[in-house]
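Novice: Sharing a model that was predicted from the sequence below.
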Amino acid sequence: MPPLPLPGFRDFYPDEFSLRTHLFGTWRAVATRYGFQEYDGPPLEPLELYTAKSGEEIVTQLYNFTDKGGREVALRPEMTPTLARMVAARANGLRKPIRWFSIPQLYRYERQQRGRLREHFQLNCDLIGEPGPIGDAEIIALAVDAVRAFGLGPSDFRVRVSDRRVLSELLAGLGLDRAQVAVAYQVLDKFGRAPREVSVGRLRDAAVGPDAIGRLLTLSGVRTWDAFREAAAGLGDAVGAAEPLRRTLAALEAMGLAEFVDLDLTIVRGLAYYTGTVFELFDARGELRAICGGGRYDNLLQALGGVDLPALGFGLGDVVLTELLRDRGLVPGDQSAIDVFLAGIGEEDASEVLALAHELRDAGLRVEYALSPQPLGKQLRLADARNARLAVVLGPDERARGELVVKDLAAKTQSAVRRDAVGAWLLEALRG
RNA sequence: GUGGUUGUAGCUCAAUCGGUUAGAGCGCCGGACUGUGGCUCCGGAGGUUGCGGGUUCGAUCCCCGUCAGCCACCCCA
């Protein structure tokens, strides 16, 4: 037995590659619809690109090592630092707002589970140079559309939106100190998954008072703007801090996407650099891990490249999305079927098959033929197995009349076509 | 990284209490079928039962280790 792929890494056989092509193609179509341009960077980066600003969470899971030149390097775990560097380096020459997307393969060193490998692909879309809340709505709408485009609707997935500015104002208003705020973030993040007693217990252990715990429980259940205003009343200037969030939600409603969107203050996000809006996409049944996550990181470009530009973006991974598509029966069949299969009858047809095959391929058709002499029945079985739309039979009888036979394999019909007109005939037949 | 659980053909699975040569379906290859396809029939290839060790007259089965998958933690691109 040859060695298997490393744990958490995937082989893409043609079926799986076909799906990957479908994902990437759909993502590209949606992103370019929003005026986004594609870019890429190196898969291997200096370790310090991530140790600097991403926070401990991601650093402990880095796939890193020392290269032969003694450099500390890491396979990229996320795209944002690379993007920030690239933009910062040319910030003065780029027209704002910058709308860029990429589909990088990302890596992390961690024990794998369902929906979580050591390698995955991710659609990354970022909007740089726009501080206003319509930019946030634009990015969230793009994330929603990048999932909607596969045929998923509001009963399949939801986007939950929160805002770090609001959360910090709320927690400050509750009188929590720095350490208690950190605990509160963790508890909020787990609220949907952990039993309520566990959450309350952790807050109690951090010496958070019963009143504050009660307010947090109420806030965690808030899903609408009106409920938020009521629950946040009297807690610092939380309602004022939520003005951008309110406008973002209003913009999403104006776009007609309200049915996909929930306000949800338990969305925290692990990455340390988020400064404002944060959001995640989940399957509506809550069975899978998050499909997509993102938010605003207005200080990252300053910290990483010394350029003061506001920014926000998201990452949408292929693994969980694929699970959801399979679950909903939305994975299309293999797209790599051929157009025409050529079948020769006897040895004397072989050179004519080669000539026609080349002629049709030059015309842009996808063509296959049997590479060694075979009975006609067997050649047609191969044509079926390849999902060919049409088959062409070349034999002595037809050749004598300057014709050949074209078969529509699905319709089970066939017709005689003049040899010198077959190219145009096939192109026409395939168009329908 | 911690704990639990599972590993038999390319895939899905079977194999009596520990007992002779580890089987089936699908898939793959060939034939029936040298001018007409998805069906049918026949045949074939394909296994170090994840790997290593132990117990036993004898291990797919019991025990230990290890690797891998899955699940739960940790954490969350």
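Specialist: Cool, the structure landed.

Novice: domain assignment for chain A?
Specialist: A:14-174+A:235-327, A:340-431 (automatic domain parsing).

Novice: Kindly check the end-to-end length of the first one for me.
Specialist: Right, domain A:14-174+A:235-327. Using CA to CA, to the nearest Å, the end-to-end distance of domain A:14-174+A:235-327 comes out at 20 Å.

Novice: Most tightly packed of the domains of chain A?
Specialist: domain A:14-174+A:235-327 (a mean of 18; mean count of other CB atoms under 10 Å). Backbone N, C-alpha and C define where each C-beta goes, glycine included.

Novice: That one near RNA strand B at all?
Specialist: Yes: Domain A:14-174+A:235-327 reaches RNA strand B (CB under 7 Å from any atom of the strand) through A:55, A:57-58, A:60-61, A:77-79, A:106, A:108, A:110-117, A:119-120, A:122, A:269-271, A:289-290, A:293, A:315, A:317, A:319.

Novice: can I assume A:D384 is in contact with A:K412?
Specialist: No: using CB atoms under 8 Å, A:D384 is not in contact with A:K412, being 11.1 Å away.

Novice: picking that back up, TSV for the domains of chain A, including distance to A:G192 and mean pLDDT?
Specialist: Output for the domains of chain A, formatted as TSV (distance: least, CB to CB, whole Å; pLDDT from 0 to 100):
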stretch	distance to A:G192	mean pLDDT
domain A:14-174+A:235-327	6	92
domain A:340-431	44	93
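
Novice: now these as a markdown table including distance to A:A194?
Specialist: Below are these laid out as a markdown table (distance: least, CB to CB, whole Å):
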| stretch | distance to A:A194 |
| --- | --- |
| domain A:14-174+A:235-327 | 11 |
| domain A:340-431 | 49 |
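
Novice: So which of the ones you listed is nearest A:A206?
Specialist: domain A:14-174+A:235-327 (11.7 Å; CB to CB).

Novice: Tell me how far that closest one lies from the chain's centre.
Specialist: Mean-position distance between domain A:14-174+A:235-327 and its chain equals 10 Å (CA atoms, centre = their mean, to the nearest Å).

Novice: Run through the residues that contact A:A29.
Specialist: Listed by CB atoms under 8 Å, 6 or more residues apart in numbering, the contact partners of A:A29 are A:A149.

Novice: Also A:A207?
Specialist: A:Q180.

Novice: And the helix or strand encompassing A:L217, how far out from the chain middle?
Specialist: A:L217 is part of helix A:210-220, with elements assigned from DSSP states H and E. Centroid separation for helix A:210-220 versus its chain: 35 Å, with CA atoms, centre = their mean.

Novice: residues of that helix that come out buried?
Specialist: Judged by neighbour count (16 or more other CB atoms under 10 Å), helix A:210-220 contains these buried residues: A:A212, A:I213, A:R215, A:L216, A:L219, A:S220.

Novice: Tabulate those (JSON lines), appending pLDDT and distance to A:T51.
Specialist: Output for the buried residues of helix A:210-220, formatted as JSON lines (pLDDT from 0 to 100; distance: CB to CB, whole Å):
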{"residue": "A:A212", "pLDDT": "90", "distance to A:T51": "34"}
{"residue": "A:I213", "pLDDT": "91", "distance to A:T51": "35"}
{"residue": "A:R215", "pLDDT": "91", "distance to A:T51": "36"}
{"residue": "A:L216", "pLDDT": "91", "distance to A:T51": "32"}
{"residue": "A:L219", "pLDDT": "91", "distance to A:T51": "34"}
{"residue": "A:S220", "pLDDT": "90", "distance to A:T51": "33"}
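
Novice: Can you lay out these as TSV showing distance to A:R361?
Specialist: Shown next, in TSV, are the buried residues of helix A:210-220 (distance: CB to CB, whole Å):
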residue	distance to A:R361
A:A212	72
A:I213	71
A:R215	70
A:L216	66
A:L219	64
A:S220	61
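
Novice: Tell me the one of these nearest RNA strand B?
Specialist: Closest approach to RNA strand B among the buried residues of helix A:210-220 (CB to the nearest atom of the strand): A:S220, at 15.4 Å.

Novice: my guess is the closest one contacts A:D189, does it?
Specialist: No: using CB under 8 Å, A:S220 makes no contact with A:D189, being 10.4 Å away.

Novice: anything in contact with each of those two?
Specialist: With CB under 8 Å, 6+ apart, A:S220 and A:D189 have common neighbours A:T266.

Novice: Tell me who's in contact with the residue in the stretch 251-400 of chain A that RNA strand B sits nearest to.
Specialist: With CB to the nearest atom of the strand, the shortest gap between the stretch 251-400 of chain A and RNA strand B falls at A:G395, namely 2.7 Å. Applying CB under 8 Å, 6+ apart, we find A:G395 in contact with A:G344, A:I345, A:G346, A:D349, A:L404, A:V405.

Novice: contacting residues for A:I134?
Specialist: A:R247, A:T248, A:A251.

Novice: for the stretch 301-432 of chain A, what spans make up the strands?
Specialist: Taking DSSP state E, counting those that start in this stretch as the criterion, the stretch 301-432 of chain A contains strands spanning A:311-317, A:340-344, A:367-369, A:390-394, A:403-408, A:413-418.

Novice: Where does A:A29 fall, secondary structure wise?
Specialist: helix A:14-33.

Novice: which strands and helices sit next to the helix or strand following that helix?
Specialist: Per DSSP H and E, the first helix or strand lying C-terminal to helix A:14-33 is strand A:37-38. In terms of contacts (3 or more CB pairs under 8 Å, 6 or more residues apart in numbering; DSSP states H and E), strand A:37-38 is packed against helix A:14-33, strand A:98-102.

Novice: Each with direction, which strands does strand A:37-38 pair with?
Specialist: Here strand A:37-38 is paired, per DSSP bridges, with strand A:98-102 (parallel).

Novice: Who are the packing partners of whatever helix or strand comes next after the partner strand?
Specialist: Moving toward the C-terminus from strand A:98-102, the next helix or strand (DSSP H and E) is strand A:105-107. On a contact count with 3+ CB pairs under 8 Å, 6+ apart, strand A:105-107 meets strand A:119-128.

Novice: Does anything pack onto the strand it packs on? Which helices or strands?
Specialist: Counting contacts by 3+ CB pairs under 8 Å, 6+ apart, strand A:119-128 is packed against helix A:14-33, helix A:80-90, strand A:98-102, strand A:105-107, helix A:133-148, strand A:311-317, helix A:318-327.

Novice: Stretch A:89-101: end-to-end distance?
Specialist: 17 Å.

Novice: which residues are contacting it?
Specialist: A:27, A:31, A:34-39, A:83, A:87, A:123-130, A:135, A:301, A:305, A:307, A:309.

Novice: Swap in 6 Å and give it another go.
Specialist: A:31, A:35-39, A:125-130, A:307 (CB atoms under 6 Å, 6 or more residues apart in numbering).
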